[in-house]
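Undergrad: dropping the sequence and predicted coords here.
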Amino acid sequence: MDQEEIYSKVLRAGRRTYFFDVRSTKAGDYYLTITESKKFTNDDGSFHYKKHKIYLYKEDFESFREIMEEMMDYIIDEKGLEVISERHQKDFKKEEDEDSPDTKGAAGSFTDVDFDDI
């Protein structure tokens, strides 16, 4: 069960919200929780949230920070800061859709079968 909340920050990012909370253990030490909350809309217009939580303890901070920075640097070095996705770009096309022989003309190569002949 979560203990006393000491310090909090919120990052709203579209349908997702990230909560960063410093909490206190029963012994009085601090740890960090990171919660991702994502909003989903039901067919009837009502909505619900799905939450995922990470507990991060001080003994893991340095390793976590190093790996997180390495991963973020890798992504930025490889793909830059521009967001590339169907959701963010209306003219987005997957690379495989553009010139892939597997998808080009696939509908034209379909054999029409008349099951009455079987």
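TA: Now that the structure is in, tell me what you want to look at.
Undergrad: going by C-alpha atoms from here, please, whenever you check contacts or count neighbours.
TA: Fine.
Undergrad: run through the bridge partners of the closest residue to residue 58 other than its chain neighbours.
TA: Spatial nearest neighbour of residue 58, excluding adjacent residues (CA to CA, 6 or more residues apart in numbering): residue 31 at 6.2 Å. Here residue 31 shows beta-bridge partners residue 23, residue 57, assigned using DSSP bridges.
Undergrad: what's residue 31 in contact with, if anything?
TA: Residue 31 makes contacts with 22-25, 55-58, as judged by CA atoms under 8 Å, 6 or more residues apart in numbering.
Undergrad: would you reformat these as TSV and include neighbour count, pLDDT and distance to residue 39?
TA: Putting these into TSV (neighbours: other CA atoms under 10 Å; pLDDT from 0 to 100; distance: CA to CA, whole Å) gives the following:
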residue	neighbour count	pLDDT	distance to residue 39
22	19	97	23
23	20	96	24
24	17	93	28
25	13	90	29
55	13	97	21
56	15	97	24
57	13	96	27
58	11	95	30
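Undergrad: could I get those as CSV with distance to residue 43?
TA: Converted to CSV, the contacts of residue 31 look like this (distance: CA to CA, whole Å):
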residue, distance to residue 43
22, 36
23, 37
24, 40
25, 41
55, 33
56, 36
57, 40
58, 43
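Undergrad: how about the helices in the chain?
TA: Counting by DSSP state H, residue ranges of the helices within the chain are 61-79, 95-99.
Undergrad: looking at the ones you listed, which one has the lowest mean pLDDT?
TA: Across the helices of the chain, helix 95-99 has the smallest mean pLDDT, namely a mean of 56.
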